[in-house]
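Asks: my questions concern the predicted model and sequence given below.
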Amino acid sequence: SKDVIARSLDTCKEPQRIMHVRADFFFPEIIDGELIITSLRLPHAMPLVRYRTGDAAHVVKDACSCDDSDPRIELLGRINSDFVRIGGGEIRVEEVERIMTPFYVYIEPLFKIEVQEHYSKRKRTAELTCLVIKKSNSSLSEEMLRYQIITVLMEELRLSPAMCLKDAVVAKLFMPPKVNFVSRLPFNTKNPRIIMKAN
């Protein structure tokens, strides 16, 4: 848990989602966007070796104002979760599903959301990609269907009570969303899930 792997510092003013990993106890890795932990204090009866936390995270490279030298990790949400915090807001599966439901005439009622962060010159920009399966008897072309889905996502997907996706794109917190058509999805469930990726 966060209390176990994080060092508690009263002087640190970082947001709650950013933590200092106790480098004398744990070695953190980010693999495919997921926080992986290995314990360094051996011997243990049951040591943690490359333990998959299920948390989406990335390493914070900038120095901390509290001058602690331990590596810092920003927790972004859960892998295969129903929501993820990113780009100054939250993306929730039920919100995306509400927006996508009218399109089930043209696509299978099954989709995957990929959320990826891009970094350049200390600036972080998020990108949302929706993977969908187009029905073979759909009366709309992929180009038209993509345009309509993106338009509705931009206008209706709320990241917070005061901000929709369109607002976040204008503020350059998000890139314009993408819709990709695929022949199958890498899971067997009718419940959509968010997949987090981090650069």
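Replies: Nice, thanks for sending it over. Numbers count the residues shown, from 1 in each chain.
Asks: can you give me the helices for the protein?
Replies: In the chain, the helices defined using DSSP state H lie at 2-5, 93-100, 142-156, 165-170.
Asks: partners of the lengthiest strand in the chain, with directions?
Replies: Under DSSP state E, the strand in the chain containing the largest number of residues is strand 107-120. Looking at strand 107-120 with DSSP bridges, its partner strands are strand 123-134 (antiparallel), strand 193-198 (parallel).
Asks: and those, which one averages the lowest pLDDT?
Replies: Among these, strand 193-198 carries the lowest mean pLDDT, a mean of 53.
Asks: neighbours of the residue nearest to K134 when sequence neighbours are not counted, how many?
Replies: Distance criterion Cβ to Cβ, 6 or more residues apart in numbering; nearest residue to K134, sequence neighbours excluded, is F181 at 5.1 Å. C-beta: built from backbone N, CA, C; applies to glycine. For F181, the neighbour count with other Cβ atoms under 10 Å is 13.
Asks: please apply the same query to F174.
Replies: The number of residues packed near F174 is 26, by other Cβ under 10 Å.
Asks: can you count the residues close to the residue nearest to it when sequence neighbours are not counted?
Replies: In space, and not counting its chain neighbours, F174 is closest to A168: 4.1 Å by Cβ to Cβ, 6+ apart. Neighbourhood size, A168 [other Cβ under 10 Å]: 23.
Asks: okay, Y119 and P28: tell me how far apart.
Replies: As defined by Cβ to Cβ, to the nearest Å, Y119 lies at a distance of 18 Å from P28.
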